[in-house]
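Visitor: okay, here's the prediction I keep looking at, along with the sequence it came from:
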Amino acid sequence: MAHAWQFQRAGGVDQVVIASGADIAHLHELDQKLWVALACPTRGIDFDPRTLDLIDTDHDGRIRAPELLAACRWACERLADPQQLIRGGDRLALASLADTEEGRGLADEARRTLQRHGVADAPDIGLPEITERQKHLAGERFNGDGIVIPASAGDDAALQAVIELALATQGGVPDAGGTPGLDEARAHAFFDAAQALLDWHARGEADCGPLRAAAQAVDAVHDKVEDYFARCRLASYDPRAAEALNAPTVEELRKLATVRLSLATDPLLQMPLAPVAAGQPLPLGEGANPAWQAALATLHEVAVQPLLQQRQALLDEAGWQRLKARVAPCRAWLAARPGGALAASGVDKLQAVLGDDLPARRQQVLALIAEDQAAAPLHGHVNDLEKLLRLQRDLRVLLRNFVSFAAFYKREGAIFQAGRLYLDGRSCDLTVNVADAAKHAVIAGLAKAYLAYCECTRGTEKMTVAAAFTAGDVDFLFVGRNGLFYDRQGRDWDARIVKVIENPISIGQAFLSPYKKFLRMIEEQVAKRAAASDATAEGRLGGWAGRIATADKSPPVGAVASAAPATPADAAAARARIDVGTVAALGVALGSISAVLVGVFTKFVDLGWWIPVAVAGIVLSISGPSMLIAWLKLRQRSLGPILDASGWAINGRMRLNVRLGASLSQTAQLPRGTLRRPDPFAERHGWGWALGALALVAVLAAAAWGAWRLGWAPRWPLF
C-alpha cells in the first residue's frame, strides 16, 4: 500500500508534515511538485555547513532534491529504525545501527574509536570522539585516501627520493592531512615520462655516439649560418645587394654609440655573422660578429676540425653542407627530446634516483598506493559515522525547511532567517542574507513586500541583509537610517539602510497615506512660500541698510537734476491705491469662497439621512484607490521571490498574508501594568486648546442646527 501522508495548509500551500521516520524513508515516493523548495544554497543560511557539504555530493554549493533524497535513503539504510532521524540527538547509539554489513562495519569502527578514547563500553558515540579519530587518521602512514607522501615510504630513503622527484616534476595533490602527495594517476604519469626520457637517451647513445657535441654545436648556430650563406648567394646574384645586406648602416651604427652595449644585447645578435660578399667563407674566429664568436669557436673546435679535418678557422658553404649531413641523424634525435619538468631536470639525475631498474621502482610506488587504498574501507567507516551522526541530528531540521516550511510558519525560526533587525520602533524577523543588494532587488521586488536593504558592520566584518517590514508605517523609513541587527548567534551589528523597495504594509497604512501626502504637500508649499518671503524680506532689509549707510553722501548733480521729484503726498497716495486695491480683491475672493462653502454646506445638510453615505463616499474617493492598490499587492505578497533572489528554488507560492506579516514585524508596545508618568517637556498648547474648543462648539452647533432643520429635534419657539 502507498504511504499515507499528512498535509497542513500554510501560506496558501499544502505542505507535507514530516512527523515520523516512515515519512523520511518514503520521501522519494512524494511527488516533488508538492515540495515547497527544490534547491537551496549551502552558504548564507543558519545551518551547519559541514552537514550541508556532506549532502552536497557534487560540491557545487547547492543542495538539490535528488541529493536530499539520496541522504535520506543513505541514512535509513544504516539505521535499524528510521524513527531515530526524528528523535535526533548529538550522540549515536550503537544499538540503533542496522544489522547489515554496513551497519556492523560502522559499529565495529565505533567500538575501536571508543576504545582509543578509553571508553570501550560506552553505548553511544559523539562527534568529539569521531573528530579526534579523523585527526589521527589523517596523520597515519596509510589513511585510505589513495595518496602517498614521502613519509609513506617509511625508512626506505631511495623510495622517498623517487616520490620527492615525482612530486617535484608532476605536482602533488593534498592528502587527508593536507600534505602534497602522489596519487595513482600522477605516479603512472611520472614513470611513463621517465621511461620515455630514458628510451630517448638510449637511442641517442646508439645513433649519435661521439657526434652529440658536434650536433649541439651545429644546432646552436644553424639559423644564423644559413642566413649568412643566403646573403652571400644573393650578393653573387647581384653585386649591388652586398652593400644593402651588410646591415647595419653607418647611421645605425652611430645610434648604437649612444647606448650601453653588451654582447648579449639584441642589436648585436640580430646583425649578420660576418660582412657579406659573393663567395665569402664564414670566419669562425676573428672577423666574425663578436656576439657569436664564442658559439662559432665551439663549432670549429667540436665539429669542423674533427669531422671536416679542417684546421683553418674558415667555413665555406660546401663544407657547411657536408657538416650538416654528417650530424643530421643526431640533430633529429635532439629534436625528439621529450619535454616537461622531468626532462628539464636531466637524465643524469633521473638515473641517479631510479637506479637501473625503473619497473621495480614503479612497482614499489604503486604497491604503496594500493596499500593506502586498501585502508579506505576501514577509514571510510569513520567518515560514515560522522555523516550518519550529523544526519541524525540535522536531517529533520533540514526537511522542515526544505520539503516544507513548517519551521517558518510555526515561527520556530527558519534556516533562511538571518536574524532580527531593530529599527524605527519595531523589530523585523524576516531577514535574509544578501550577497549583492542590486541583483537581489531585481527579483525580490516581485514579492510585493516593503524591503529595506541594510549594510551591517561589526568591527572589520561586513554583510548585507534584506529585511521585510510587514507592520507599522513607512513615514520614517529612508536610506541612511540606522538600527541594530542581531544575527542568529546573538551577535549585534550596526545596521544602516542603503536601499528601499517601497510597497504597502497594510490597508490601514494605505487608508491614511493620501492624507499624509496631502499634509506633506501643504507643509512643503508653506515652507517654500516662507523661504521666498524670507528671502524677499532680507533683500528689502539689505536695500534699506544700504540707503541708510549712504544717507550722508549727496548724490551727483546730474542725477539730482534728472530724477523726477517725488513728494510725500504722491507716495502716500500710491500706497493708498495699492492698499485699497488689494483689500478689494481679497474681499471679492473671500466672498466667493464663502458663497461656495455655504452652498456646499447647504446641499450637504439637505441630504438628510444620506449625510453618512456622503461622508463615506468622500472618504472612499480619497482613500479608496490607495486601499485598492494595497489590497491587491497584499494579496500578491509572498516569500518566494525573496528566497529565489538568495539562491533558493521555491516551488510554491508562499504567501505572506496580513496576519502572518503582523507576526513577522513587531511594533513597540508598553508592557502590561505600566504606569505612564506625565511628560514634563510636553508642548504647551496655549491658544490651541481654546481654538479646539471653539471648533468643537461650532461643529456641535452645526450638527444641532442641521438636526433642527431636518426635524430630528423638536422645534421650540424662540419667544
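Guide: It's in. It should be emphasised that the depicted structure is a prediction, and the values quoted were computed from it without experimental measurement.

Visitor: what's the longest helix anywhere in the chain packed up against?
Guide: In the chain, taking DSSP state H as the definition, the longest helix is helix 507-549. For helix 507-549, the contact count by 3 or more C-beta pairs under 8 Å, 6 or more residues apart in numbering; DSSP states H and E identifies helix 611-636 as packing neighbours. (Each C-beta comes from the backbone N, C-alpha and C, glycine too.)

Visitor: could you give the mean pLDDT of the longest helix of the chain?
Guide: The average pLDDT for helix 507-549 rounds to 76.

Visitor: near the nearest residue to Arg73 once chain neighbours are set aside, how many other residues are there?
Guide: Residue nearest to Arg73 in three dimensions, not counting chain neighbours: His28, with 6.8 Å by C-beta to C-beta, 6 or more residues apart in numbering. Residues lying near His28 (other C-beta atoms under 10 Å) number 14.

Visitor: against Asp14, how distant is His28?
Guide: 19 Å (C-beta to C-beta, to the nearest Å).

Visitor: and for Leu670?
Guide: With distances taken as C-beta to C-beta, Leu670 is found 40 Å from Asp14.

Visitor: who has more neighbours out of those two?
Guide: Counted by other C-beta under 10 Å, Leu670 and Asp14 do not tie: Asp14 has more neighbours, with 14 against 8.

Visitor: and the strands in the stretch 251-400 of the chain?
Guide: Read by DSSP state E, counting those that start in this stretch, the stretch 251-400 of the chain holds these strands, from start to end of the chain: 282-283, 314-315.

Visitor: pLDDT on the first one, on average?
Guide: Per-residue confidence for strand 282-283 averages out to 86 on the pLDDT scale.

Visitor: sheet-wise, list the partners of that strand with their directions.
Guide: As defined by DSSP bridges, the strand partners of strand 282-283 come to strand 314-315 (antiparallel).

Visitor: show the contacting residues for Trp453.
Guide: You called it Trp, but residue 453 is Tyr. Counting by C-beta atoms under 8 Å, 6 or more residues apart in numbering, Tyr453 makes contact with 434, 437, 440-441, 464-467, 497-501.

Visitor: would you mind listing which of these are buried?
Guide: 434, 437, 440-441, 464-467, 497, 499-501 (16 or more other C-beta atoms under 10 Å).

Visitor: and the contacts of stretch 3-18?
Guide: Outside of stretch 3-18, the residues within contact range by C-beta under 8 Å, 6+ apart are 19, 22-24, 26-27, 29-30, 34-36, 86, 396, 399-400, 403-406, 409, 638-639, 652-657, 660.

Visitor: what about it, distance to the chain center?
Guide: 34 Å (C-alpha atoms, centre = their mean, to the nearest Å).

Visitor: start and end of that stretch, how far apart?
Guide: End-to-end span of stretch 3-18 (C-alpha to C-alpha, to the nearest Å): 12 Å.

Visitor: can you give me the buried ones in that stretch?
Guide: For stretch 3-18, the neighbour count (16+ other C-beta under 10 Å) marks 5, 10-11, 13, 15-16, 18 as buried.

Visitor: and the two most separated of the residues you listed?
Guide: Trp5 and Gly11 (18.1 Å; C-beta to C-beta).

Visitor: Lys387 reaches Leu54, doesn't it?
Guide: Yes. If you go by C-beta atoms under 8 Å, Lys387 and Leu54 touch, sitting 4.9 Å apart.

Visitor: picking that back up, tabulate the buried residues of stretch 3-18 (a markdown table), appending secondary structure, distance to Ile369 and pLDDT.
Guide: Listed next are those as a markdown table, based on DSSP: H, G, I helix; E, B strand; the rest coil; distance: C-beta to C-beta, whole Å; pLDDT from 0 to 100:
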| residue | secondary structure | distance to Ile369 | pLDDT |
| --- | --- | --- | --- |
| Trp5 | coil | 49 | 94 |
| Ala10 | strand | 54 | 85 |
| Gly11 | coil | 54 | 78 |
| Val13 | strand | 53 | 86 |
| Gln15 | strand | 50 | 92 |
| Val16 | strand | 47 | 94 |
| Ile18 | coil | 44 | 94 |
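
Visitor: nearest to Cys76 among those residues?
Guide: Ile18 (13.3 Å).

Visitor: quick revisit: which of the contacts of Tyr453 fall in strands?
Guide: Using DSSP state E, the subset of these located in strands is 434, 464-467, 497-501.

Visitor: and the protein, what are its domains?
Guide: 7-140+375-408, 145-374 (automatic domain parsing).

Visitor: for Gly624, find the nearest of those.
Guide: When the domains of the chain are compared by C-beta to C-beta, domain 7-140+375-408 sits nearest Gly624, at 25.9 Å.

Visitor: and the closest one, how far out from the chain's middle?
Guide: Distance, stretch centre to chain centre, for domain 7-140+375-408: 28 Å (C-alpha atoms, centre = their mean).

Visitor: what is the end-to-end distance of that domain?
Guide: This stretch, domain 7-140+375-408, spans 15 Å end to end (C-alpha to C-alpha).

Visitor: give me the contacts around stretch 652-668.
Guide: So stretch 652-668 is contacted by 11-13, 15, 36, 405, 409, 411, 425-430, 447, 449, 468-472, 505-507, 634, 637-640, 643 (C-beta under 8 Å, 6+ apart).

Visitor: ok, of the residues you listed, which come out buried?
Guide: Those of the contacts of stretch 652-668 that meet the buried threshold are 11, 13, 15, 36, 405, 409, 426-430, 447, 449, 468-472, 505-506, 634, 637-640, 643, by 16+ other C-beta under 10 Å.

Visitor: can you tell me the element Arg186 falls in?
Guide: Here Arg186, judged by DSSP states H and E, is contained in helix 184-207.

Visitor: which pLDDT value belongs to the residue positioned nearest the centre of the chain?
Guide: Among the residues of the chain, the one closest to the centroid is Ala435, at 4.6 Å (C-alpha atoms, centre = their mean). You'll see Ala435 listed with a pLDDT of 92.

Visitor: go on, Cys428?
Guide: pLDDT, Cys428: 94.

Visitor: wait, it touches Phe469, no?
Guide: Yes. Between Cys428 and Phe469 a contact is recorded at 5.9 Å, counting by C-beta under 8 Å.

Visitor: pick the most deeply packed of the strands of the stretch 251-400 of the chain.
Guide: Mean neighbours per residue, mean count of other C-beta atoms under 10 Å, is largest over the strands of the stretch 251-400 of the chain for strand 282-283, with a mean of 22.

Visitor: where does pLDDT dip in the stretch 251-400 of the chain?
Guide: Within the stretch 251-400 of the chain, the stretches with pLDDT under 70 are 251-267, 378.
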